[in-house]
Every structure is written in C-alpha cells, then in structure tokens.
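Novice: Structure for the following, please:
(one chain, ligands or ions: 1)
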Amino acid sequence: MKQSYTAKTFTLGALEGLSETQISEHLKLYAGYVKNTNALMEKIAAHKQNAEAMAIELSELTRRFGFEFNGMRLHEYYFSQFEKSEGSADKLKMALESQYGSFDAWKNEVSAMAVMRGIGWVLTVVDETNGNLLNVWVSDHELGQLGGQKVVFALDVWEHAYTVDYKPTERAKYVEAFWKNLNWQKVEERYL
Ligand SMILES: [Fe+2]
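Specialist: Sure, this is the predicted structure:
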C-alpha cells in the first residue's frame, strides 16, 4: 500500500508581531517536512526489498523518520492555531485552571519553558490514562515526546520560527507575539 501525505493549507489572516514573510518562510520549511516524510517512506519501502544488504541504510532512514514526521505534524498543530474561528475555549481554560491553580500559572510555565536554551517545541499534551495536561519540552521534533499523549498545544521555538522578525536573542518577544495570535478554540478542539 502506497502511503503519502499532502501539505495542508492554512487560512491565516494578518498576524500581530509575526510578518507575512516570517510565516511564508516557515510554511516552506513545513512543506519540506511533508516532502521528506513522503520521500523517507518511499526509500524505506524500497530498501525493505533488499533489507539484508541495505541494513545500515534502512536503520538510518528508519531512525530519521520520527524527525521528519513530527516536523510535519507539529507544524500542522502550530499553524492551525493561528487560524481564526468563533467560539470560546472555556472547558480547556477551566481544566488548565484546575490543574495549574490558574490559567496564568500554566501560561507562565509554558513561557518559561519556551525560552529555555536549545531548539525544539513546548507542547501541552493530555495524558490518556488520567486526563492530566502536561507541559513537555521536545528537542528537535521528536526527542522527549511522551508515549500515549495527545498533543493539544504546540509552540515552535526553533529559531526559524522567529528570526525573520526578531533577533536570535529575542525569543521572549516572539513568544509574546505567539500568545497574541493564538486561537484558543483551535487548542480546545484538540482537547475535547
Ligand atoms: Fe518550525
């Protein structure tokens, strides 16, 4: 069975503190993850035809898959959070409030994690075993992902996410801009 993915399109209006050029460059990188996910699946399938002789190549391609696949999927979570939609996110906010003491406590924790050194993502995930909302640091796109978790919130803190508009040392300013544009309802849709 041939499997492949298609790059999604996102309906993004003007964003506050994130320029059109910044977003369009970032979307090009997203398209690259989709392309490489498809290319990897094809190469892995081809190498499996001759798995013994191609064992080293197959191993390395297989190890690479999580990087490209999660690069694709996490960017889809990220960009769709900037799409506009109507409605509230009360249930999500109540859940965060009850678990973190206040909504701001959760947000402050995410903001602090987002300026940690290194490239990666800050995710909020739901633990499928007990419904807990956990904030998780993921290096690259795949290192540190926890098993059995549903991603509801994704903040990209790779430098490519902001260095068109901000200096590498200004990640905190980018995080502030990110919050201003976040559509909470999109996040809640994933939570419910
Ligand atoms: Fe990114």
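
Novice: biggest helix in this structure by residues?
Specialist: Using DSSP state H, we find that the single longest helix of the chain is helix 20-48.

Novice: Now do the buried residues in the helix or strand that it is followed by.
Specialist: Following helix 20-48 in sequence order, the next helix or strand is helix 55-80 (DSSP states H and E). For helix 55-80, the buried set under the neighbour-count rule, 16 or more other Cβ atoms under 10 Å, comprises 58, 61, 64-65, 67-80. All C-beta spots, glycine's among them, are computed from the backbone N, C-alpha and C.

Novice: What's the local residue count around Leu40?
Specialist: The number of residues packed near Leu40 is 17, by other Cβ atoms under 10 Å.

Novice: hang on, it packs against Gly66?
Specialist: No. Counting by Cβ atoms under 8 Å, Leu40 does not reach Gly66; the two are 10.0 Å apart.

Novice: quick one, what contacts the residue sitting nearest the centre point of the chain?
Specialist: The residue lying closest to the centre of the chain (Cα atoms, centre = their mean) is Leu74, at 2.7 Å. Neighbouring residues of Leu74 by Cβ atoms under 8 Å, 6 or more residues apart in numbering: 121, 123, 138, 141, 151, 154, 156.

Novice: got it, and Leu155?
Specialist: Neighbouring residues of Leu155 by Cβ under 8 Å, 6+ apart: 78, 110, 114, 121-123, 175, 178.

Novice: Filter the residues you listed down to just the ones in helices.
Specialist: Among these, the members found in helices (DSSP H) are 78, 110, 114, 175, 178.

Novice: So how do I select the buried members of the contacts of Leu155 in ChimeraX?
Specialist: Filtering these down to the buried ones (16+ other Cβ under 10 Å) takes a single ChimeraX command:
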select :78,110,114,121,122,123,175,178
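
Novice: Which positions in this structure make contact with the ion?
Specialist: With Cβ under 5 Å from the ion as the criterion, the chain meets the ion at residues 156, 158, 161.

Novice: Repeat the analysis, applying 6 Å as the threshold.
Specialist: Proximity of the chain to the ion (Cβ under 6 Å from the ion) is limited to residues 26, 29, 75, 156, 158, 160-161.
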